[in-house]
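>>> have a look at this prediction, sequence included:
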Amino acid sequence: MNQTNFVHESYAQRIWRRFRAEPFARNGLWTILVLFAVAALAPFLANSHAIIRVADGRVTFPIFPSLEPIEWRFLLYVPLAGLAWLFRRRLFARPLGGATFLLALVILIEVWLVFHHVVNDPTNDRDRPAAFKLMPLVPFSPVETASEPFLPPSWTHPCGTDSTGRDIAARMLHGARTSLSIGFVAQSIALSIGVTLGSLAGYYRSWPDIAICRLIEIMDCFPPLLLILVAVSLFESQNNMFYIMAVIGLTTWTGMARLVRGEFLRLSGLPFTLAAQAIGAGDLRVIVRHILPNALGPILVAGTFGVASTILLESSLSFLGFGMQAPTPSWGDILGESRLYIDFAWWLAFFPGLAILITIMSYNFVGEGLRDAVDPRLRIK
Amino acid sequence: MTTYLIRRILLLVPTLLGITLLTFLLVREAPGNIALMKGAGGENGSRAMTAEQREAMIKLYGLDKDPFTAYAEWIGRLTRLDLGDSWVDHRSVVAKIGERIGLTASLAGSALLISYLVAIPLGVIAAIKRGQVTDRAISFTVFVLYSIPSFAAALLLILLVAGGDYLNLLPMYGTNSINASEMGRFEWLWDRIQHMILPVICLTYGSLSYISRYARVSMLEALAQDFIRTARAKGLPERLVILHHALRNALIPIITIFALELPVLISGAVIIEEIFSLPGMGQLMFASLEARDNPTIMGITVFVSILTLLGYLLADILYVVVDPRIRYE
Amino acid sequence: MPESTDASSPDPILKVENLKVYFPILGGVFRHKVGEVKAVDDVSFEVQRGKTVGLVGESSSGKTTIGRAIIRLTEPTAGTISYDGKVVSKLSAAAFRPYRKKIQIIFQDPYNSLNPRLSIFEIIGEALEIHFPEMTPADRRARVAELLGKVGLKRDHLDRYPHEFSGGQRQRIGIARALAVNPEFLVCDEPVSALDVSVQAQIVNLLQDLQEELGLTYLFIAHDLAVVEHISDFVLVMNDGKIVEAASAEAIYENPQHDYTRKLLSAVPKM
Ligand SMILES: Nc1ncnc2c1ncn2[C@@H]1O[C@H](COP(=O)(O)OP(=O)(O)OP(=O)(O)O)[C@@H](O)[C@H]1O
Ligand SMILES: [Mg+2]
């Protein structure tokens, strides 16, 4: 009866402990965090305006007036992350509520993106004389014609320039915002649809299940890229980022729905669910408090893999020229532009390709690590 | 078994109706068509659409009728394999798909075949050497491959081996060289193979990594089963245990996932054919999308989705036929 | 003690009449009903207030199904269940709600009957949350701690999670959860079958003590007669969805009437 040898930890803590023990997964998570940090700080990392400029006896910060209000969006993540860290115990004591809350906040921030665009501002501080100036790491704006076209990588342009002389490094840094946001928001849309329909089918069975299964089968018959291409090209006039996110989300929810349905079928027959029903808990309570938290692990795993495949889909779309409208850069756009010049300008394809690869790989590593942590039986090592 | 088959085939009907209804409504309700229906010819409706095209469009999707009648008529034509005429060259969509399908099918077919031929041994070796360096190396490589976008790989391969600044081993575009008509039969074939190497590689490695990961898990599961332990305990040679007993059981699920790879391969073909200028169905799709050739777009979509549906059906049937343990009453 | 179930009795708290629960067997091309499993087939019995009725039978004889039908986790196909003189089997889910405070259930499998994501306080306190919304969290904590004491667990177990407990302890938690709403009637669905023999006796004794202290009525389900004989006043023997013998515990043990009962008895080790 001695219980002292049990570690006293909640489910979330257990998952986290197992997850941290996997080096690939841990490094994947770090990479993603760094990518998000880069995305958040993009206007400070790549900007044609000086951060600090001392001239004529005056100290100015030209970078701040140059920022569009929307540029601050990603900076909201800094206080958000701080708050999440402060209240981490409370958030993870109730993993479902915590996750939903965080997800909702992030989506709220991301949805602003509908209005996001980088303004072409011809002024720059590079050539202006000053007693002292501190330029950002990459002293170019992603949309300005900074130098000669097709310059190979050099100290001035670490990733070279494109066909109109724009700095690739600056475009990549800003492009991180687009690529990461789309992956995240589109997958959240897919997740919401998948979880809702999957729960309905798995919990109520009978005719909702039959109807939803048919719908899943119908959706699965369309190759995802094809359906998205058709939707994007037919409804071209609404071709903005939010629309792309919505289309990707609306066409890729079936895997999640299948998974959630299976989990619900399994969990809704278990005695603890019956016990809750016997106590008089309503359907909503049983689903939200008893079934969903137990399905959260697999959902999170599938969601992580889903983000990876969504980023891939978005970059395919942009590559084919069906993504966002320029000048909002995304990694897929830069790659797509490179097609015409591939026989000599390798840097146009290499850097964005590498960025996409690293991002997708990191998400996949995190997904693998989470899967092993959630269900040690699946650990195949 | 027979009942299962009948049931499975009957279930195709609602799915088919769903697929066709979805595509039909998608194209019919597209903003361009709504503008056209109002006769106003909005920004989208008027663009690049002649009066003749407008007529054809109204007729094809019954824009002047209520949706149900229009859908019923459209389905009626569909069963007679009439998908309308292309707006670009006024040829029937079915004929256009017909002349393109061969190339795409051979691309996807060879990609699938090579994937299986490479992936199964890889997966099996990784499973046998579980946890060892071999397993880790294979798993890691496969994992990296799985994460490389096919278009990035295609561009880099072109750059490296097909006439970029580096090697010039393989042709960059097309199905054959310009002077292919003057070649002898074998020369022609060799030329064609050379042109296909890069596209097939780009289309293959994604499926390959997916299948080999799947094969590894499937093999590990088979190796953990009781009858394998019994076979080992009986002192059968390890090779025989693995090849004869475990692999045979692991193969069933591996083979049936080919159906899941179909839509993936077709998505991949759209990109790969576009990059390598191969006149397959993917390129036709892409060209039609750019030209807003709605009849062709819808034709291809319906065609591909029905093909996928048949793939799923085949996989299900195969599963029942191959696996003696599964009995559907 | 009445000799048979249909003899009129002074104070039956639960009355089951001609209860049938059939599960459809789906099949054929359209997954329609091609047959039925008669899990419970025309069963009638009564349970007297403050007593324990044992329900025994082999696996899949329909015991759990009866228990679940009483607490409305399974819809009966036919027949009536009356509680305190009122027919409850035809009430709507909302109208049945007050009865969820009076009738509770303890499950067979201690490993799956507690939600692994909730702490013990949350598991036991949930019933209080639902039925006594006016209670403050502090009140709830006090009440849950009191319940833990009642079932022989410690107060500092409150914030632990189910995986930190042994099977016997989990079953005690399950009992505490059932007791949270002050029920009158407990369906105990093989509460000890999954436990070690030594722990079995502890749990049975706990249930007996609780019955005495709180005046509970039990429908005690088990698959062997030994456990039931010890705790029950009256025993129902079930086979294939039907009740084949109903008699007082001594009568069953001393003088079994039905072949099936004898078969079950022969499996019981004589002590
Ligand atoms: N939800 C259900 N759907 C279909 N059949 C069911 C369902 N629940 C129970 N059955 C069937 O009803 C019969 C009686 O099952 P029940 O669980 O009541 O038996 P039991 O006496 O409790 O057995 P055990 O001692 O194993 O717990 C069994 O044949 C079972 O397969
Ligand atoms: Mg039972």
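Yep, that arrived. Residues are numbered from 1 along each chain as shown, chains lettered A, B, ... in the order given. Ligands and ions are numbered 1, 2, ... in the order given.

>>> from the chain's centre, how far out does stretch C:62-74 sit?
9 Å (Cα atoms, centre = their mean, to the nearest Å).

>>> any idea of the mean pLDDT in it?
In this model, stretch C:62-74 has an average pLDDT of 90.

>>> that stretch close to chain A?
Yes. Counting by Cβ under 8 Å from any Cβ of the partner chain, chain A is contacted by stretch C:62-74 at C:68, C:71, C:73. C-beta coordinates here come from the backbone N, C-alpha and C atoms, glycine included.

>>> list the residues that contact the residue in the stretch 101-250 of chain B that chain C sits nearest to.
Nearest to chain C, among the residues of the stretch 101-250 of chain B, is B:A224, at 23.0 Å (Cβ to the nearest Cβ). Contacts for B:A224 (Cβ atoms under 8 Å, 6 or more residues apart in numbering or on different chains) come out as none.

>>> show me what from the stretch 51-200 of chain C comes close to ligand 1.
Counting by Cβ under 6 Å from any ligand atom, the residues of the stretch 51-200 of chain C lying close to ligand 1 are C:57, C:59-65.

>>> helix or strand: which one has the nearest residue to B:N294 once chain neighbours are set aside?
Nearest non-adjacent residue to B:N294, counting by Cβ to Cβ, 6 or more residues apart in numbering or on different chains: B:V27, 5.6 Å away. Applying DSSP states H and E as the criterion places B:V27 in helix B:12-28.

>>> which residues are in contact with that helix?
With Cβ under 8 Å, 6+ apart as the test, helix B:12-28 has contacts from A:214-215, A:217-218, A:221-222, A:230-231, A:234, B:33, B:61-63, B:67, B:70-71, B:74-75, B:78, B:294, B:297-298, B:301-302, B:305-306, B:309, B:313.

>>> so for that helix, what gets flagged as buried?
B:12, B:15-16, B:18-20, B:22-24, B:26-28 (16 or more other Cβ atoms under 10 Å in any protein chain shown).

>>> could these go into a markdown table alongside pLDDT and distance to A:P158?
Shown next, in a markdown table, are those (pLDDT from 0 to 100; distance: Cβ to Cβ, whole Å):
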| residue | pLDDT | distance to A:P158 |
| --- | --- | --- |
| B:L12 | 84 | 55 |
| B:T15 | 86 | 52 |
| B:L16 | 86 | 54 |
| B:G18 | 87 | 51 |
| B:I19 | 86 | 49 |
| B:T20 | 85 | 52 |
| B:L22 | 84 | 47 |
| B:T23 | 82 | 46 |
| B:F24 | 80 | 51 |
| B:L26 | 78 | 44 |
| B:V27 | 74 | 46 |
| B:R28 | 73 | 50 |
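
>>> now tabulate those in JSON lines and tack on distance to ligand 1.
Below are these laid out as JSON lines (distance: Cβ to the nearest ligand atom, whole Å):
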{"residue": "B:L12", "distance to ligand 1": "29"}
{"residue": "B:T15", "distance to ligand 1": "28"}
{"residue": "B:L16", "distance to ligand 1": "32"}
{"residue": "B:G18", "distance to ligand 1": "30"}
{"residue": "B:I19", "distance to ligand 1": "33"}
{"residue": "B:T20", "distance to ligand 1": "37"}
{"residue": "B:L22", "distance to ligand 1": "35"}
{"residue": "B:T23", "distance to ligand 1": "39"}
{"residue": "B:F24", "distance to ligand 1": "40"}
{"residue": "B:L26", "distance to ligand 1": "41"}
{"residue": "B:V27", "distance to ligand 1": "45"}
{"residue": "B:R28", "distance to ligand 1": "44"}
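
>>> for these, which one is nearest chain A?
Taking Cβ to the nearest Cβ as the measure, chain A lies nearest B:G18 of the buried residues of helix B:12-28, at 3.8 Å.

>>> thinking again about what came up before, among the residues of stretch C:62-74 next to chain A, which one sits closest to ligand 1?
C:R68 (7.6 Å; Cβ to the nearest ligand atom).

>>> which residues touch the closest one?
Applying Cβ under 8 Å, 6+ apart, the residues contacting C:R68 are A:274, C:74, C:105.

>>> which ones among those residues map onto helices?
Under the assignment DSSP state H, those contribute A:L274 to helices.

>>> what residue in chain A comes nearest to ligand 1?
As assessed by Cβ to the nearest ligand atom, ligand 1 sits closest to A:G269 within chain A, at 7.9 Å.

>>> just the pLDDT for that residue.
So, for A:G269, pLDDT stands at 86.

>>> before we move on, what about B:L155?
85.

>>> wait, is it part of a helix?
Yes. B:L155: assigned to a helix according to DSSP: H, G, I helix; E, B strand; the rest coil.

>>> so how many other residues sit close to it?
B:L155 has 26 neighbours, counted by other Cβ atoms under 10 Å in any protein chain shown.

>>> what sits against the nearest residue to it once chain neighbours are set aside?
Nearest non-adjacent residue to B:L155, counting by Cβ to Cβ, 6+ apart: A:A349, 4.2 Å away. Counting by Cβ under 8 Å, 6+ apart, A:A349 makes contact with A:335, A:338, A:342, B:152, B:155-156, B:159.

>>> swap in A:A50?
A:62-63, A:125, A:130, A:133-136.

>>> straight-line length of stretch A:164-172, end to end?
End-to-end distance for stretch A:164-172: 15 Å, by Cα to Cα, to the nearest Å.

>>> tell me the buried residues in that stretch?
Buried residues in stretch A:164-172, counted by 16+ other Cβ under 10 Å: A:165-172.

>>> do the same with stretch C:234-248
In terms of neighbour count (16+ other Cβ under 10 Å), stretch C:234-248 has its buried residues at C:234-239, C:241-247.

>>> in strands, which of those residues fall?
Among those, the members falling in strands are C:234-239, C:242-247 (criterion: DSSP state E).

>>> now find how far off-centre the helix holding B:V27 is within its chain.
19 Å.

>>> okay, it in CSV with CA atoms only?
Listed next in CSV are the C-alpha coordinates belonging to helix B:12-28 (Å, rounded to 0.1, in the frame of the first residue of the first chain):
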residue,chain,number,x,y,z
LEU,B,12,-20.1,3.5,-53.8
VAL,B,13,-23.3,5.0,-55.0
PRO,B,14,-23.8,7.7,-52.4
THR,B,15,-20.1,8.5,-52.4
LEU,B,16,-20.2,8.9,-56.2
LEU,B,17,-23.2,11.1,-56.0
GLY,B,18,-21.5,13.1,-53.3
ILE,B,19,-18.3,13.6,-55.3
THR,B,20,-20.2,14.7,-58.4
LEU,B,21,-22.5,17.0,-56.5
LEU,B,22,-19.6,18.6,-54.7
THR,B,23,-17.6,19.3,-57.9
PHE,B,24,-20.8,20.4,-59.7
LEU,B,25,-21.8,22.9,-57.1
LEU,B,26,-18.2,24.1,-56.7
VAL,B,27,-18.0,25.1,-60.3
ARG,B,28,-21.6,26.2,-60.7
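
>>> about what we covered before: what is the nearest of the contacts of A:A349 to B:L103?
Distance to B:L103, by Cβ to Cβ, is smallest for B:L155 among the contacts of A:A349, at 21.1 Å.

>>> ok, now which ones touch that closest one?
B:L155 touches A:335, A:338-339, A:342, A:349, A:353, B:275, counting by Cβ under 8 Å, 6+ apart.

>>> quick one on the thing from earlier: among the buried residues of stretch A:164-172, name the ones in strands.
Reading strands off the buried residues of stretch A:164-172, I find no matches (DSSP E).

>>> can you put those in JSON lines and add pLDDT and distance to chain C?
Listed next are these as JSON lines, based on pLDDT from 0 to 100; distance: Cβ to the nearest Cβ, whole Å:
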{"residue": "A:G165", "pLDDT": "80", "distance to chain C": "56"}
{"residue": "A:R166", "pLDDT": "83", "distance to chain C": "50"}
{"residue": "A:D167", "pLDDT": "86", "distance to chain C": "49"}
{"residue": "A:I168", "pLDDT": "87", "distance to chain C": "47"}
{"residue": "A:A169", "pLDDT": "89", "distance to chain C": "46"}
{"residue": "A:A170", "pLDDT": "87", "distance to chain C": "46"}
{"residue": "A:R171", "pLDDT": "87", "distance to chain C": "45"}
{"residue": "A:M172", "pLDDT": "89", "distance to chain C": "41"}
